[in-house]
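>>> predicted coordinates and the sequence they were generated for:
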Amino acid sequence: MAPPSFISIFYCLIQFTLLYHSFASPSSEAFHASSDSRRHPMVLPLYLSPPKSSSQRREFEGRRLHKSDQPRPNAHMRLYDDLLSNGYYTTRLWIGTPPQEFALIVDTGSTVTYVPCSDCEQCGKHQDPRFQPNSSSTYEPVKCNMNCNCDKDGVQCTYERRYAEMSSSSGVLGEDIISFGNESELVPQRAVFGCENVETGDLYSQRADGIIGLGRGRLSVMDQLVDKGVIGDSFSLCYGGMGVGGGAMILGGISSPPDMVFTHSDPYRSPYYNIDLKEIHVAGKPLKLSPKVFDRKHGTVLDSGTTYAYLPEEAFYAFKGAITRELHSLKQIHGPDPNYNDICFSGAGRNITQLSKKFPQVDMVFGNGQKLSLSPENYLFRHTKVSGAYCLGIFKNADQTTLLGGILVRNTLVTYDRENDKIGFWKTNCSELWKSLNYLSSPPPVTPSDSGSLNGITEIPPSAAPDGLPKNDFSVEFQIGHISFDMKLGVNKSVKLNFTELTGLIANALEVKVSQVHLTNLKVEGNSSLITWAVYPVSNTTAMSIILRLKEHHMQLPKKFGSYQLVELKVEPQKKQSWWKHHHILAATIGVTVTLAFGLLTLGMWLFWRHKRLEVGSYEPVGAIIAEQELQPL
């Protein structure tokens, strides 16, 4: 053991280092590429924490010392929406008792989770109703203290976050029970979150309700759950591929696939999740760049709240040139928006599985020598006006930071292993990942006797089924015939509904074939339409999945269809049949078998009798008249 004096000196050095990093950090809580204002609404990291984060660093260090061999549950959560259509992915989170449901943007660059509050003075119209603190029996305001900014009355803690695209969110801090859905092993937990009073910019107009913050910081959902010791210090994200959307999110540690590629992530470089990028290869050839180009300012940052990727100027031009030189059979064309100089190419075809035959492979090489191979869907997006054309989803960054958004990790399981300071990448089908993880086998949380307890683990149902939605606990005897649901759609009279497109969207959202979705009734009243849909045939397992998706508002319709509301859902069992109808196949089979056997037996007896008769009657008496037999030619 080292002498006490040495330990003291070493401890002081650690404290000095932590304080230095804390005060040396920029004062803003987010950075973004500033060279392309059109892209900014898709970018959602926040500004850096104020200098008092040194205490957070000490808490972080202390937390990492507490390792446990006990297996801990994970929060398995689906991801919805599409990265390029919506600019983000959302997940469902329930807050309060009884639970109130919200669609939150998944953002690794944010440190606060927040939703609109019922008394919000300036909040937009979002997907779900605002949070009602007075309706939750477990809600507690976070009282003013020395570790937070206080409201004007000095009663409650407040928060304020500003975004690079000139949007902002501010409000008060509250504490309540948050639930992660029926597919999660992790039971509901108490956590601090933001209750918005003011929204501006894109936060005001977006469809999603708010943001779930997964960054490093005291108020981060991850940090709060890890501090409680209920999950491991790791989480994973998996974004769906081009034109597919969806995916999965796991809060807590998972077993890494054996061929997962890892890179070091320095938690002291900045609050953002950075990676040790050294080189980029195009078609197997390295770009002629110094490795230092990827290590300037904040380094290379991985951010789920950013849609596209942004490279420093010299790296961008090198990448653009290398890609263009490899495209021999494609024609460069103008982008979909004449106001921006997008780099697009036509002639690649609509089949995205064949893009690798037209566009080169890109490799990201890390400091440890391992590399992540990117397919074309990881650096391209579809041209919205020219069929079979694609554009580069990587842009020039006026900032010296290399910012890698969600497009770069589509169909890639990304594990943020915070405990071991590394990030892993594994190529897979993210839209099917939740099935392979067998989420539906997780037991649902149960209601505790004391749901208002502030200490320990509080278990409550993550969500209650809305009126008219049946519970998905079908017994073996109950066989599903079909599912029908009423959708109230609010549309502008000038918009003509395209029911073929709408049917396809619903089928895709429910993960069934288009031929299984049928419009059975339509009633128009003013600007709203009441549409009845039926889905059949469905198995019990498929029915459970459909009901879950409808309950969690999985259907995300384009803006042109307006807003929709699920009015009623019915599960119709298979119609009971009479004894004869139920057994007619078996009865018919038995009847045919008996008839055939009797016929064969009769035929055999007749042939036997005829053969014996011929043998007995073959002798003819002398002088008998025999008919003349005609000789048949050979």
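On my side now, so go ahead.
>>> what residue lies at the spatial centre of this structure?
Against the mean C-alpha coordinate of the chain, by Cα atoms, centre = their mean, the closest residue is Leu79 at 1.9 Å.
>>> sec struct for it, please.
Assigned by DSSP: H, G, I helix; E, B strand; the rest coil, the conformation of Leu79 is strand.
>>> now Leu355
Put simply, Leu355 is helix when judged by three-state DSSP.
>>> quick check: phi and psi on the residue nearest to it when sequence neighbours are not counted?
Counting by Cβ to Cβ, 6 or more residues apart in numbering, Pro376 is the residue found nearest to Leu355 once chain neighbours are left out, at 4.0 Å. Heads up, the C-betas are built off the backbone N, CA and C, glycines and all. Here is the backbone geometry of Pro376 (degrees, to the nearest 10): phi -60, psi -30.
>>> low pLDDT regions in the stretch 401-550 of the chain?
Scanning the stretch 401-550 of the chain for pLDDT under 70 picks out 434-479, 491-496, 540-541.
>>> which residue ranges of the stretch 301-450 of the chain form helices?
Counting by DSSP state H, counting those that start in this stretch, the stretch 301-450 of the chain has helices at residues 313-326, 433-436.
>>> quick one on the thing from earlier: skip the chain neighbours and tell me the closest residue to the residue nearest to the centre of the chain.
Nearest non-adjacent residue to Leu79, counting by Cβ to Cβ, 6+ apart: Gly247, 3.9 Å away.
>>> got it, and Tyr80?
Thr90 is the one closest to Tyr80 (Cβ to Cβ, 6+ apart), at 5.1 Å.
>>> ok so, going back, could you tell me the least trusted of the helices of the stretch 301-450 of the chain?
Lowest mean pLDDT of the helices of the stretch 301-450 of the chain: helix 433-436, a mean of 66.
>>> toward the C-terminus, what is the element adjacent to it?
Downstream of helix 433-436, the next assigned helix or strand under DSSP states H and E is strand 480-490.
>>> helices or strands next to that next one in the packing?
Judged by 3 or more Cβ pairs under 8 Å, 6 or more residues apart in numbering; DSSP states H and E, strand 480-490 is in contact with strand 528-535, helix 540-551, strand 563-573.
>>> hey, C-alpha coordinates of whichever helix or strand comes after that strand in CSV?
Downstream of strand 480-490, the next assigned helix or strand under DSSP H and E is helix 499-510. Extracted as CSV, the C-alpha positions of helix 499-510 are listed here (Å, rounded to 0.1, in the frame of the first residue of the first chain):
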residue,chain,number,x,y,z
PHE,A,499,-55.8,5.7,-49.6
THR,A,500,-53.4,3.5,-51.5
GLU,A,501,-50.5,5.3,-50.0
LEU,A,502,-52.2,5.5,-46.6
THR,A,503,-52.8,1.7,-46.7
GLY,A,504,-49.1,1.1,-47.4
LEU,A,505,-48.0,3.4,-44.6
ILE,A,506,-50.3,1.6,-42.1
ALA,A,507,-49.1,-1.8,-43.3
ASN,A,508,-45.4,-0.8,-42.9
ALA,A,509,-46.1,0.7,-39.4
LEU,A,510,-47.8,-2.5,-38.2
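>>> which strands and helices sit next to helix 499-510?
Counting contacts by 3+ Cβ pairs under 8 Å, 6+ apart, helix 499-510 packs against strand 517-525, helix 540-551.
>>> rerun that using 10 Å as the cut-off
Under the contact criterion of 3 or more Cβ pairs under 10 Å, 6 or more residues apart in numbering; DSSP states H and E, helix 499-510 touches strand 480-490, strand 517-525, strand 528-535, helix 540-551.
>>> relative orientation of that helix and strand 528-535 in degrees?
60 degrees (axes from the mean of the first three to the mean of the last three Cα atoms, to 10 degrees).
>>> surely the residue nearest to Leu79 meets Gly240?
Yes. Gly247 is within contact range of Gly240, at 4.7 Å (criterion: Cβ atoms under 10 Å).
>>> looking only at pLDDT, what's the mean for stretch 209-221?
Rounded mean pLDDT across stretch 209-221 is 92.
>>> distance between the ends of that stretch?
End-to-end span of stretch 209-221 (Cα to Cα, to the nearest Å): 17 Å.
>>> quick one: find the helix or strand in this protein with the lowest mean pLDDT.
Ranking every helix and strand in the chain by mean pLDDT, DSSP states H and E puts helix 54-64 at the bottom, with a mean of 34.
>>> where does the prediction get shaky in the stretch 1-150 of the chain?
With pLDDT under 70 as the threshold, the stretch 1-150 of the chain has low-confidence stretches at 1-71.
>>> which residues in it form helices?
Counting by DSSP H, counting those that start in this stretch, the stretch 1-150 of the chain has helices at residues 4-24, 54-64, 83-86.
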